[in-house]
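A.B. asks: Quick one, fold the following:
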Amino acid sequence: MESFKSTPSIKKTWNKRVIVRILRFWVQKDLTGREGLEMILIDEWGNQIQASVSFGNKRKFMPLLREGDINMIQNFQVMDNKPNFQMAKVDHLYMLGFGLATQIEQPDEGFEILENGFNFIPFTDIPTHDPTFFLDVLGEVMTHTINIDWVEMRTGKASKCDITLADADGTQVTCVLWGSLAEELKTFMENKLAEDKEPVMVALQFAKISTFRGQIKVSSMKNASKFFICPDIKEVKDFILRRGVSRSSSCNDTITDISIGQQALNRNEWLDAAHARRLCDLIKSEECGTFNCKGTILDFHPQESWYYEACGNDRCLKGIAKGSTIGDHCKKCKRPIGSIIIRYLMKVLVGDEIDQTYFTIF
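C.D. replies: Got it, this is the predicted structure:
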């Protein structure tokens, strides 16, 4: 059998037989609203290629094609895979066209072809990835509350959610899920038991790169993308193992001496203190008080950081009116302002082995 890697020159009917699995199959409308068919095929050697059926041939092929099936195809057109900025495509020099002469048959048993054909890329490679081609991403969901937004599109309103994914090295990227994929993840996260501390892993296959206000994002594509929540694949097991090592090394010995009042505690004493909490416990807790926790600063938010002038009297630190000077009356401590100090506020994203949340630091 032939391989897609040896696909001949363009605009030629290929009469050799190829055994393929249909990885993805969907109905695609053109600019005039006419419906054709799109497929992503994978051969025995793992090579992927895209195939199209024009609206005129849709009726013939619709009953013959089913996602996941292994088929033997023959007499198809080989065409130049021209860039399409409305829809990403498979990264291949050519694509296939099914016409009236194309034959599709069920092959004899014995052919082993990958069921998913994942080709995950590191998040650090996303900025340089060609946006006209599909990409596959695998990451841990770092967003624990899924908010669905509705946006106006040319074809009407559409629902979406923005989530943060982290790869095995801790690199993060914003992922936009549209329509049913957003709803699926929201339902899963809402039904996830509070005591379930396992990371939520997701795989987005046949996604595209989008840029909004200078920020590069990974986005699902209507009909084309496949979405998997906690898939049982080797890549997830490898990811969790590698991610655990990465987190341990990044958090190790980041805490030295912490001062609590007049008493200095070493690292182990501080973590064993009565008020030590995990981030996930703090997020869900309704208890007010002072707590200790260990985490790694993942991100800074300078746009939400600021400073103010405060009363320097002991234990006051209340903001004072603009233009106040030493000796003016402080509204909080009811005393003359003895000194003026600058108080800074910074908002940071902190994460531990299980969860992440925002901290406001004064």
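A.B. asks: How far away from the center of its chain is stretch 29-39?
C.D. replies: With Cα atoms, centre = their mean, to the nearest Å as the basis, stretch 29-39 stands 28 Å off its chain's centre.
A.B. asks: which residues sit against it?
C.D. replies: The contact list for stretch 29-39 (Cβ atoms under 8 Å, 6 or more residues apart in numbering) reads 22-28, 50-55, 58, 61-62, 65, 98, 223-224. The way it works is simple: take the backbone N, C-alpha and C, and place the C-beta from them, glycine included.
A.B. asks: buried sites along it?
C.D. replies: Gly36, Leu37, Glu38, Met39 (16 or more other Cβ atoms under 10 Å).
A.B. asks: for the record, mean pLDDT for it?
C.D. replies: Averaged across stretch 29-39, the pLDDT comes to 87.
A.B. asks: now the end-to-end length of it.
C.D. replies: 13 Å (Cα to Cα, to the nearest Å).
A.B. asks: got it, and stretch 66-74?
C.D. replies: Using Cα to Cα, the two ends of stretch 66-74 sit 17 Å apart.
A.B. asks: Show me where the stretch 1-150 of the chain has its strands.
C.D. replies: 12-14, 18-29, 35-43, 48-53, 70-74, 76-80, 94-98, 103-105, 135-141, 149-153 (DSSP state E, counting those that start in this stretch).
A.B. asks: Which one of the buried residues of stretch 29-39 is nearest to Met87?
C.D. replies: Glu38 (8.3 Å; Cβ to Cβ).
A.B. asks: what's the closest non-adjacent residue to the closest one?
C.D. replies: Gln28 (4.5 Å; Cβ to Cβ, 6 or more residues apart in numbering).
A.B. asks: what sits against the one you found?
C.D. replies: Glu35, Gly36, Leu37, Glu38, Ser52, Met87, Asn223.
A.B. asks: With distance to Asn71 added, can I get those in JSON lines?
C.D. replies: Formatted as JSON lines, the contacts of Gln28 follow (distance: Cβ to Cβ, whole Å):
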{"residue": "Glu35", "distance to Asn71": "21"}
{"residue": "Gly36", "distance to Asn71": "18"}
{"residue": "Leu37", "distance to Asn71": "14"}
{"residue": "Glu38", "distance to Asn71": "16"}
{"residue": "Ser52", "distance to Asn71": "16"}
{"residue": "Met87", "distance to Asn71": "23"}
{"residue": "Asn223", "distance to Asn71": "20"}
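A.B. asks: Dump the strands of the stretch 1-150 of the chain to JSON lines, plus distance to Gly117.
C.D. replies: Shown next, in JSON lines, are the strands of the stretch 1-150 of the chain (distance: least, Cβ to Cβ, whole Å):
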{"stretch": "strand 12-14", "distance to Gly117": "21"}
{"stretch": "strand 18-29", "distance to Gly117": "5"}
{"stretch": "strand 35-43", "distance to Gly117": "5"}
{"stretch": "strand 48-53", "distance to Gly117": "6"}
{"stretch": "strand 70-74", "distance to Gly117": "13"}
{"stretch": "strand 76-80", "distance to Gly117": "19"}
{"stretch": "strand 94-98", "distance to Gly117": "16"}
{"stretch": "strand 103-105", "distance to Gly117": "20"}
{"stretch": "strand 135-141", "distance to Gly117": "9"}
{"stretch": "strand 149-153", "distance to Gly117": "30"}
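A.B. asks: Domain parsing of the chain, as residue ranges.
C.D. replies: Annotated domains of the chain cover 4-105, 123-248, 295-361 [automatic domain parsing].
A.B. asks: Can I get these in a markdown table including distance to Ile113?
C.D. replies: Below are these laid out as a markdown table (distance: least, Cβ to Cβ, whole Å):
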| stretch | distance to Ile113 |
| --- | --- |
| domain 4-105 | 4 |
| domain 123-248 | 16 |
| domain 295-361 | 38 |
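A.B. asks: among those, which is nearest Asp281?
C.D. replies: Of the domains of the chain, nearest to Asp281 by Cβ to Cβ is domain 295-361, at 8.9 Å.
A.B. asks: Distance across the closest one, terminal residue to terminal residue?
C.D. replies: Taking Cα to Cα as the measure, domain 295-361 stretches 14 Å from start to finish.
A.B. asks: Check stretch 52-68 too.
C.D. replies: Per Cα to Cα, stretch 52-68 runs 17 Å from first to last residue.
A.B. asks: For it, which residues meet the burial criterion?
C.D. replies: Applying 16+ other Cβ under 10 Å to stretch 52-68 flags Ser52, Val53, Phe55, Asn57, Phe61, Leu65 as buried.
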